[in-house]
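# after the sequence you'll find the predicted model.
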Amino acid sequence: MRLISFRLSGRYGHFLRAEGGASAPTYPVPPRTVILGIIGAVLGLEKDQPQSLLQPACIALSGKLPQTHWHKAKLRKDPPAALPRTVKKSHRSPRTTKPEKATLIGQEWLLNPVYTVWVSVPEPYFGELEERLMKRRWHFQPSLGLSEMMAELTYLKSGEASSLSEGSYHVNSIFPQKNGRLDTDKIFEDELVIHFLRMPRTVTPDRVFSHENYFMERDARPVPVETDQAFQTHSEVLMFL
């Protein structure tokens, strides 16, 4: 299997949690569905096309847990008063205007998020994606969750990934809970900090999401895992989202 590796970063990020209610908390890392959307933006695919055209896509992700900031966002509850169709020289604005109905909601923003992404998609998209990342050319501006939060994509390298036999490995990426067993003795010995995440993995054209449980290390340090789902590429051991 051939993989493309690139750095995904930005000043701010916000990946809305599925369970978010009145407030808007964020996942600390982009879910698999978001990464497919970013790849789709590079390739010029329409909104719901990456979920079907890029399958079967293999995606691995690594990154430190970013710092967060709660930001107050203004959410309008009704549209503003309509403007007149014609404006005369003698026109004056009314003394009283329609009151604005708006509310402030809390949004949790990620500060300076940086991730490393490894991806394999079927042809003809793999070759085009590799070329566009190397030449920094994309059809649509990739974003980190919200369109205003522009993403920076930096090509790192390409290479072959080979499947590893069942065993104990230090995994460099976030990995699904069901695909491996944590070596807790080594985790305590190395003083690792493991976070549990439940994030979207796939979405249908009708916007129906499926979710998966994941483990990640707070500082992106390798995690000892017993698994038969690991892959070796260059010096990294990866497990796919």
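Sure thing, it's come through.

# excluding chain neighbours, what is closest to the spatially most central residue of the chain?
Geometric centre of the chain, nearest residue: Pro30, 2.0 Å, by Cα atoms, centre = their mean. Nearest-residue entry for Pro30: Phe15, 5.5 Å, with adjacent residues in sequence omitted and distances by Cβ to Cβ, 6 or more residues apart in numbering. Every C-beta, even on glycine, is put in place using the N, C-alpha and C of the backbone.

# repeat for Gly180
Among residues not flanking Gly180 along the chain, Thr227 sits closest, at 3.4 Å (Cβ to Cβ, 6+ apart).

# from Glu160, how far out is the residue nearest to Gly167 when sequence neighbours are not counted?
Nearest non-adjacent residue to Gly167, counting by Cβ to Cβ, 6+ apart: Glu226, 7.1 Å away. Separation of Glu226 from Glu160 (Cβ to Cβ, to the nearest Å): 24 Å.

# check Gly44 too.
27 Å.

# repeat for Arg7
20 Å.

# mind checking which of those two has more residues around it?
Arg7 (14 against 11; other Cβ atoms under 10 Å).

# hang on, that one packs against Val114?
Yes. Between Arg7 and Val114 there is a contact under Cβ atoms under 8 Å: 6.8 Å.

# and the residue nearest to Gly167, which of the three is it?
Look at Glu226: counting by DSSP: H, G, I helix; E, B strand; the rest coil, its state is strand.

# dump the residue contacts of it.
Residues near Glu226 by Cβ atoms under 8 Å, 6 or more residues apart in numbering: Glu166, Gly167, Ser168, Gly180, Arg181, Asp183.

# buried residues in the helix or strand bottoming out on mean pLDDT in the chain?
Of all helical and strand segments in the chain, the minimum by mean pLDDT, DSSP states H and E falls on strand 67-76, at a mean of 81. For strand 67-76, the neighbour count (16 or more other Cβ atoms under 10 Å) marks Thr68 as buried.

# in its sheet, what does it sit against?
strand 102-111 (antiparallel) (DSSP bridges).

# by contact count, what packs against the helix or strand following the strand it pairs with?
Sequence-wise, the next helix or strand downstream of strand 102-111 (DSSP states H and E) is strand 114-120. Applying 3 or more Cβ pairs under 8 Å, 6 or more residues apart in numbering; DSSP states H and E, one finds that strand 114-120 contacts strand 2-9, helix 32-43, strand 58-63.

# need the contact partners of the second one.
For helix 32-43, the external contacting residues (Cβ under 8 Å, 6+ apart) are 8, 15, 30, 46-47, 49-51, 54, 57, 59, 61, 117, 119, 121, 125, 128-129, 132-133, 138-143, 145, 151, 153, 199-203, 209, 212, 241.

# now the protein, which segments are flagged as low pLDDT?
Applying pLDDT under 70 to the chain flags the ranges 21-22, 75-81, 83, 93-102.

# neighbours around the residue nearest to Gly180, how many?
A total of 19 residues lie near Thr227 under the criterion other Cβ under 10 Å.

# does it really touch Lys178, like I thought?
No. Here Thr227 does not reach Lys178: they are 10.1 Å apart, not a contact under Cβ under 8 Å.

# now Gln49. Nearest residue, chain neighbours left out?
Gln49 sits nearest to Gly40 (Cβ to Cβ, 6+ apart), 6.3 Å away.

# check Ser165 too.
Closest residue in space to Ser165, ignoring its immediate chain neighbours: Asp228 at 7.2 Å, by Cβ to Cβ, 6+ apart.

# correct me, but that neighbour touches Glu166?
Yes. Using Cβ under 8 Å, Asp228 makes contact with Glu166 at a distance of 3.7 Å.

# residues in contact with Glu186?
Actually, residue 186 is Lys. It isn't Glu. Residues near Lys186 by Cβ under 8 Å, 6+ apart: Pro224.
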